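A.B. asks: When you get a sec, could you give me coordinates for this:
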Amino acid sequence: MGVLPPRSAHALPEPLAQLMTDPGFEIADFYPEDFALDLNGKKRGSSTPWESACASSPRTSAGRNSVGEPVLFLSDAHPLCAPLVGSYGPPPAPLVLTSCTEHSASVAGTLTPLPGAPLPGGLCEPPPFRGIEVALRPFTTSAAGTTFTLPPPAKHVPQLLPGLVPPSPLLGACDAPCESKRYLLAGGVEVDDRTKTWCVRDARLAAGPGGSSDANRSAADLLRQQLMRR
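C.D. replies: You can find the predicted model right below:
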């Protein structure tokens, strides 16, 4: 109905088509047949009768056509319901929740009481309806309503939560990796204490390109002498 003109009412079910074409219905002004056109193409150029009516509507109607604050309803079985009911006062005061709050229930933000909202156990009267909703009767509510505001943005700080008990370590001192110790002996010989291996750091003691092993034998003799001295 919101995108069709009155001449397209035949595409709708008959009850809805009557709402668009019968001048006796309250929303007939929303589907005028004659209205002024702005040939210059200005914004809001089509001056329909209901546009001026919406502009001069009372504040309650303007509020229904705007985006309000998020409203949160909590059952009386929720852990936050009792603190929320207590915030209604008197005097009413906002309920600020943080991660450290005892009854935060993992919710962070501000809960502000709704003026005139019924509390759990109170009588809630539905607004006047037409149609099938007219059969609604007053009932006892079991929930509390509040406006919910997110906490102000802050820079994230990676840290452990207060009261955290770290688990016991599973590894002991014997599970620590064994670091090898290297000793550099005289003559450029390096000994690894963990692997019991040695290598010649001095290029003059290494075997030459011709494959001579005299240098290796000299290095082995030098290593044997150094180990005997230790």
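A.B. asks: Please make it C-alpha for all contacts and neighbour counts, starting now.
C.D. replies: Will do.
A.B. asks: Check which helix or strand residue 86 maps to.
C.D. replies: Here residue 86 sits within helix 81-87, counting by DSSP states H and E.
A.B. asks: Against which helices or strands is that helix packed?
C.D. replies: Helices and strands touching helix 81-87, by 3 or more C-alpha pairs under 8 Å, 6 or more residues apart in numbering; DSSP states H and E, are strand 95-97, strand 109-113, strand 143-149.
A.B. asks: Note down every partner strand of the second one and its orientation.
C.D. replies: Strand pairing for strand 109-113, using DSSP bridges, gives strand 95-97 (antiparallel), strand 143-149 (antiparallel).
A.B. asks: and this protein, what are its domains?
C.D. replies: The chain resolves into domains spanning 6-64, 71-149, 182-229 when parsed by automatic domain parsing.
A.B. asks: among those, where is the model least confident on average?
C.D. replies: If the domains of the chain are sorted by mean pLDDT, domain 182-229 sits at the bottom with a mean of 57.
A.B. asks: Now do the helices in the protein.
C.D. replies: In chain order, the chain shows helices spanning 14-21, 49-55, 59-64, 81-87, 214-229, with DSSP state H as the criterion.
A.B. asks: Go ahead and name everything in contact with the fourth one.
C.D. replies: Same thing as helix 81-87. Taking contacts as C-alpha atoms under 8 Å, 6 or more residues apart in numbering, the residues outside helix 81-87 that touch it are 74-76, 93-95, 103, 111, 113, 119, 143-144.
A.B. asks: how about a cut-off of 7 Å?
C.D. replies: The list of residues contacting helix 81-87 from outside it, by C-alpha atoms under 7 Å, 6 or more residues apart in numbering, reads 74-75, 93-95, 113, 119, 144.
A.B. asks: Type out the PyMOL command that picks the buried ones from those residues.
C.D. replies: Here the buried members of these are turned into a PyMOL selection, burial being counted by 16 or more other C-alpha atoms under 10 Å:
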select buried, resi 74+94+95+113+119+144
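A.B. asks: would JSON lines of the contacts of helix 81-87 with distance to residue 152 be doable?
C.D. replies: Compiled in JSON lines, those are given as follows (distance: C-alpha to C-alpha, whole Å):
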{"residue": "74", "distance to residue 152": "23"}
{"residue": "75", "distance to residue 152": "26"}
{"residue": "93", "distance to residue 152": "19"}
{"residue": "94", "distance to residue 152": "15"}
{"residue": "95", "distance to residue 152": "15"}
{"residue": "113", "distance to residue 152": "19"}
{"residue": "119", "distance to residue 152": "28"}
{"residue": "144", "distance to residue 152": "24"}
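A.B. asks: and which of the contacts of helix 81-87 is nearest residue 168?
C.D. replies: Within the contacts of helix 81-87, proximity to residue 168 (C-alpha to C-alpha) peaks at residue 95, which comes in at 37.5 Å.
A.B. asks: how close does the closest one sit to residue 110?
C.D. replies: As judged by C-alpha to C-alpha, to the nearest Å, residue 95 and residue 110 stand 6 Å apart.
A.B. asks: Then residue 25?
C.D. replies: From residue 25 over to residue 110 the distance is 43 Å, taken as C-alpha to C-alpha.
A.B. asks: neighbour count winner among those two?
C.D. replies: Looking at residue 25 and residue 110 with other C-alpha atoms under 10 Å, you find the greater number of neighbours at residue 110, namely 17 against 11.
A.B. asks: ok, the more buried one - contacts?
C.D. replies: With contacts taken as C-alpha under 7 Å, 6+ apart, residue 110 has the following neighbours: 94-97, 148-151.
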